[in-house]
Structures are given as structure tokens and as C-alpha cells.
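S.K.: Provide a 3D model corresponding to the input given below.
(one chain, ligands or ions: 2)
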Amino acid sequence: MDKPEFRKDLVSGDWILVAGAKRGKKPIFLKKTSSAELKQGVSKCPFEDPQKNNPIPLLWYPHPKTAPSKVEDFDSWFLQVIPNKYPLLVQEKTCPVSERDGVKEKLVGVGYHEVVVTRDHFKSIDKMSLEEIQMVFKAYKERYRVLSKDPCIKYILVFHNHGEAAGASLFHPHSQIIALPVVDPDVARSLSGSNDFYKKNKKCVHCVMIESEEKDGLRIVSKNKHFIVVIPFAPRVSYETRIYPLGHASRFEDLDKELFPYLAESIKDAFVRLNKVLGNPDYNFFIHTAPVRDGDTDHYHWHIEILPRGFRWAGLELGGGIEVVAVSPEEAAENLRKVKM
Ligand SMILES: [Zn+2]
Ligand SMILES: [Zn+2]
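M.R.: Residues are numbered from 1 along each chain as shown. Ligands and ions are numbered 1, 2, ... in the order given. All right, here's what the predicted structure looks like:
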């Protein structure tokens with residue numbers, strides 16, 4: 001295989017991605033690296049000098065505290081976006097067309113795979129200041145808007161892996177933006193669920209859910225003027241935490257400039273509490289937003305999901321699809337609420 005390929009699972013209808021030769025250069029079965037080894041890797045870290053392999057960043061911002069005279073000076077970079085050195089997808093001139101071979105369906109993995117790097121090797125996003133967090137989310141939005149102009153792109157996923165248990169192969173804080181020619185199965189399922197609810201009830205299921213959470217308060221962690229931090233009623237892992245905009249909004253990329261400080265506040269709030277209660281866990285977080293070119297998405301409500309890692313999946317989870325959550329969502333929310341800020 002010389003190109004990455006999406007393949008459709010005939011039974012579930014879900015797409016999976018076979019990464020192929022190019023990605024194959026990246027070691028798949030990583031040798032077990034201890035957290036200490038990962039942390040010591042500054043001298044070998046490729047993100048200490050991202051320009052070594054990537055001459056021009058796709059986007060860069062100076063640190064929010066940079067003096068106005070230095071704002072144009074690239075040496076003051078705080079964040080930059082570069083193409084992934086091991087892209088999961090390839091760029092081509094034409095949009096991929098799905099090919100059928102009997103019952104099998106596949107699609108060339110065309111799209112974009114970018115990395116958002118922040119400068120400080122040791123300052124993970126959960127430790128950043130509110131201004132720094134805002135910058136990171138501003139970069140997500142800006143790249144999202146650029147990538148969504150490509151007519152081949154159907155979905156853009158922003159995600160962040162922190163720590164070995166979360167699948168991060170580099171210690172240096174970085175997020176990934178992946179622009180896909182298909183809607184990812186997780187979002188597809190949640191879209192179809194929220195669409196069904198909307199058709200029946202003429203209401204956004206997420207708005208209804210938030211309203212009900214606000215009524216009983218059992219799973220609310222914190223709230224500000226524009227965002228709410230909650231533990232879902234049926235989480236996938238213990239302490240799964242979600243951040244929703246309070247007013248109905250389908251798309252993260254339409255988030256108003258004035259709301260970014262509130263978003264940063266909620267993210268910081270969630271991480272400070274999770275770090276205190278779980279002792280700085282590894283984590284993944286991602287943004288779920290409506291697909292790129294889907295006219296009517298009134299039924300969808302964008303949000304952020306944070307999944308602390310370290311609770312391991314085994315047979316029942318992988319084989320049965322039933323996730324065993326050790327800490328009840330109500331207890332998790334209570335523990336997080338109790339943290340003194
Ligand atoms: Zn580094
Ligand atoms: Zn809504």
C-alpha cells in the first residue's frame with residue numbers, strides 16, 4: 001500500500017484508516033518508554049527546533065505577554081502549527097471517490113494532518129495560563145477555518161494526547177488537527193442520535209441534557225457565564241469531563257472572540273480539579289463540532305471531551321463494547337467540586 005486508505009466496516013458501517021507505507025516509517029509498536037525517559041528528552045525533542053524539518057510554519061503566534069515591539073519577531077514564538085512529519089493522510093489534487101469491490105468499500109486517505117506545538121517542553125496545556133490556553137484554542141479555530149475551505153474535507157477533528165497512557169509518542173505538548181474526507185464514526189453516531197431526537201422533539205438533545213443537569217446539579221463540576229463543566233450521565237471512563245457552551249451553538253469554529261476567555265476559564269478549571277483529584281493524570285481531549293459542509297446542523301451542539309487515562313480497557317470493554325466505569329459520575333463530580341480553587 002503506498003497510500004493511506006479508509007475502509008468501511010461492512011457490519012457497523014464505521015470507517016477505519018489503514019495508514020500505509022508513509023506512516024509506516026513511524027515505529028508502530030513503540031518500545032515501552034518510562035515517563036521519566038519521556039520527560040528527560042529535551043535534547044532529543046524535535047519540537048525544541050520545529051524549523052529543522054519544517055521551514056515555514058503554517059501559523060504562528062507570539063507569547064501573549066510579548067512586548068508590542070517584538071510581536072512580529074518569530075523568535076518570540078509561543079505557538080506554531082506545522083504539517084505532521086508522519087501524516088496519517090496524503091494531499092491530492094482531486095477529492096477521493098469511494099471505490100467498491102463487491103461488498104468492500106474503500107477511499108483513499110486524502111486530507112491534512114497538522115501539529116500545534118507550544119514552545120515550553122514542560123508546560124502542558126493543563127498548566128498553562130488563561131491567556132495561553134486562549135491562544136491554543138484560537139489557533140485551532142484559525143486552522144479549522146482554513147482547512148474547511150478544501151471541498152474534499154468533510155470533518156475536522158482537533159485532539160490532544162498528553163502522556164504515554166493517552167498514546168502521546170512525544171512528551172512535548174502538542175495537539176493535532178486532522179482534516180478527513182469522511183465524518184468520523186464517533187461523531188457520525190452522535191450526529192445521527194441528536195438528529196433523531198431533534199426530529200421527534202424539535203429540540204437540541206444537548207440543550208435538553210444541559211437543562212436537566214442544571215436542574216439536579218449532581219454531575220455539574222463548575223459553570224461560568226457561557227460554559228458548563230459536567231460529568232456525563234453515562235461516561236466512557238471514570239472522570240470523563242465535558243465542557244459545553246451554555247447557549248445553543250453547533251460549531252466551535254463560529255465561537256465568538258468575546259467567549260474565548262470564558263472557554264479558557266472552564267478548561268483551566270476542569271484541569272486544575274482533575275489534576276488535584278487524580279494526581280496529574282495522562283489525558284486525551286478533543287473537540288466535537290458539526291461536520292464541515294453539513295447545511296442543517298441545528299440539532300448538534302459542539303463541546304469538548306476530556307478523558308483522563310490510566311483506567312485500562314480490557315475484554316468487556318473491547319469485546320462487549322460495555323465500558324466499566326469504576327467511579328460513579330455523581331461521585332466524580334462531587335470530588336471535583338470539592339477541590340478548593
Ligand atoms: Zn520539547
Ligand atoms: Zn444545543
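
S.K.: out of the helices and strands in this protein, which is least certain?
M.R.: helix 20-24 (a mean of 53; mean pLDDT, DSSP states H and E).

S.K.: pretty sure residue 132 sits against residue 78.
M.R.: Yes - when contacts are counted by CB atoms under 8 Å, residue 132 is listed as touching residue 78 (7.1 Å). (Glycine included, C-beta is placed from N, CA and C.)

S.K.: shared neighbours, those two?
M.R.: 63-64, 118 (CB atoms under 8 Å, 6 or more residues apart in numbering).

S.K.: for this structure, give me the ranges with low pLDDT.
M.R.: Within the chain, the ranges that satisfy pLDDT under 70 run 1, 10-12, 20-40, 294-296, 311-324.

S.K.: enumerate the residues of it near ligand 2.
M.R.: 204, 206-207, 248, 301 (CB under 5 Å from the ion).

S.K.: output the residues you listed in JSON lines, with secondary structure and distance to residue 228 appended to each entry.
M.R.: Formatted as JSON lines, these follow (DSSP: H, G, I helix; E, B strand; the rest coil; distance: CB to CB, whole Å):
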{"residue": "204", "secondary structure": "coil", "distance to residue 228": "14"}
{"residue": "206", "secondary structure": "helix", "distance to residue 228": "11"}
{"residue": "207", "secondary structure": "helix", "distance to residue 228": "11"}
{"residue": "248", "secondary structure": "coil", "distance to residue 228": "13"}
{"residue": "301", "secondary structure": "coil", "distance to residue 228": "11"}
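
S.K.: which helix or strand contains residue 306?
M.R.: strand 303-308 (DSSP states H and E).

S.K.: neighbouring contacts of that strand?
M.R.: Here strand 303-308 has contacts from 166, 206, 236-245, 267, 270-271, 274, 278, 281-288, using CB under 8 Å, 6+ apart.

S.K.: looking at the stretch 51-200 of the chain, which residue is nearest ligand 2?
M.R.: residue 194 (8.5 Å; CB to the ion).

S.K.: where does that residue land in three-state SS?
M.R.: Judged by DSSP: H, G, I helix; E, B strand; the rest coil, the three-state class of residue 194 is helix.

S.K.: repeat that for residue 61.
M.R.: Taking three-state DSSP, the label given to residue 61 is strand.

S.K.: again, but for the one 4 residues further on
M.R.: The three-state label given to residue 65 by three-state DSSP is coil.

S.K.: just the element for the closest residue to it other than its chain neighbours, please.
M.R.: Nearest non-adjacent residue to residue 65, counting by CB to CB, 6 or more residues apart in numbering: residue 131, 7.4 Å away. Following DSSP H and E, one finds residue 131 within helix 130-147.

S.K.: between that helix and strand 303-308, how big is the angle?
M.R.: 120 degrees (axes from the mean of the first three to the mean of the last three CA atoms, to 10 degrees).

S.K.: output helix 130-147 as PDB - backbone C-alpha positions only.
M.R.: Provided in PDB are the C-alpha atoms of helix 130-147 (Å, rounded to 0.1, in the frame of the first residue of the first chain):
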ATOM      1  CA  LEU A 130      -5.700  31.500  30.800                       C
ATOM      2  CA  GLU A 131      -4.100  33.700  28.100                       C
ATOM      3  CA  GLU A 132      -2.000  30.800  26.800                       C
ATOM      4  CA  ILE A 133      -5.000  28.400  26.700                       C
ATOM      5  CA  GLN A 134      -6.900  31.000  24.700                       C
ATOM      6  CA  MET A 135      -4.100  31.200  22.200                       C
ATOM      7  CA  VAL A 136      -4.100  27.400  21.700                       C
ATOM      8  CA  PHE A 137      -7.900  27.400  21.000                       C
ATOM      9  CA  LYS A 138      -7.600  30.500  18.800                       C
ATOM     10  CA  ALA A 139      -5.000  28.500  16.700                       C
ATOM     11  CA  TYR A 140      -7.400  25.500  16.500                       C
ATOM     12  CA  LYS A 141     -10.100  27.800  15.200                       C
ATOM     13  CA  GLU A 142      -7.900  29.600  12.700                       C
ATOM     14  CA  ARG A 143      -6.600  26.400  11.100                       C
ATOM     15  CA  TYR A 144     -10.000  24.900  11.200                       C
ATOM     16  CA  ARG A 145     -11.300  27.800   9.100                       C
ATOM     17  CA  VAL A 146      -8.500  27.500   6.600                       C
ATOM     18  CA  LEU A 147      -8.800  23.700   6.200                       C
END
